[in-house]
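Asker: A structural model of the following input is requested.
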Amino acid sequence: MRGVKSSELRTMCLQVVIAALYYNPALLIQTLDNMHFVHTPQPITAHFINQWINDTEFFLGLHDRKMCIIGLSMLMELPSRPAALERIAGQIIPSILLLFLGLKHLYASRLINRPDLLAHAGVHIEDQNGICLKSF
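Answerer: I've put the predicted structure just below:
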């Protein structure tokens, strides 16, 4: 409930709730809808969803990004969506694309550091302009 100053800690806390969303979306949404901050009648659901979307860029690790993508996909599959989700619906796909781009760069950097994997992967490494720098 208190403001978390560190983006790394906040991301880890968000991942715990995202994991709950993955395992039981209906129960999580019901629980978040029934919880309120002391100073406002608004359910925590809206705060959680807004914080998650605003912090998408802080999901930096491989597992973090995968969890975020899975969670955002779960949000899109919800049969009855919370109002807070409807307000940020237009930001979900761009957030997922940002996460996939980050995954692409992570996998490319891992392959560059492992020449033995590159030989078997048939990988083309491109610069930011799409120009092939190396082909394996």
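
Asker: flag every buried residue along the longest helix seen in the chain.
Answerer: Ordering each helix of the chain by length in residues (DSSP state H) puts helix 83-112 first. For helix 83-112, the neighbour count (16 or more other CB atoms under 10 Å) marks 84, 85, 88, 92, 95, 96, 99, 102, 111 as buried. Any C-beta I mention is one placed from the backbone N, CA and C, and that applies to glycine too.

Asker: what's the weakest-modelled helix or strand in the protein?
Answerer: strand 132-135 (a mean of 50; mean pLDDT, DSSP states H and E).

Asker: the helices in the chain, which residues?
Answerer: 7-23, 25-34, 44-54, 62-77, 83-112, 115-121.

Asker: and the longest one, what other elements does it pack with?
Answerer: What that stands for is helix 83-112. When contacts are defined as 3 or more CB pairs under 8 Å, 6 or more residues apart in numbering; DSSP states H and E, helix 83-112 sits against helix 44-54, helix 62-77, helix 115-121, strand 124-126.

Asker: residue 16 is nearest to which of those?
Answerer: Among the helices and strands packed on helix 83-112, helix 62-77 comes nearest to residue 16, with 9.7 Å by CB to CB.

Asker: now the angle between helix 25-34 and that closest one, please.
Answerer: If you take axes from the mean of the first three to the mean of the last three CA atoms, to 10 degrees, helix 62-77 sits at 80 degrees to helix 25-34.
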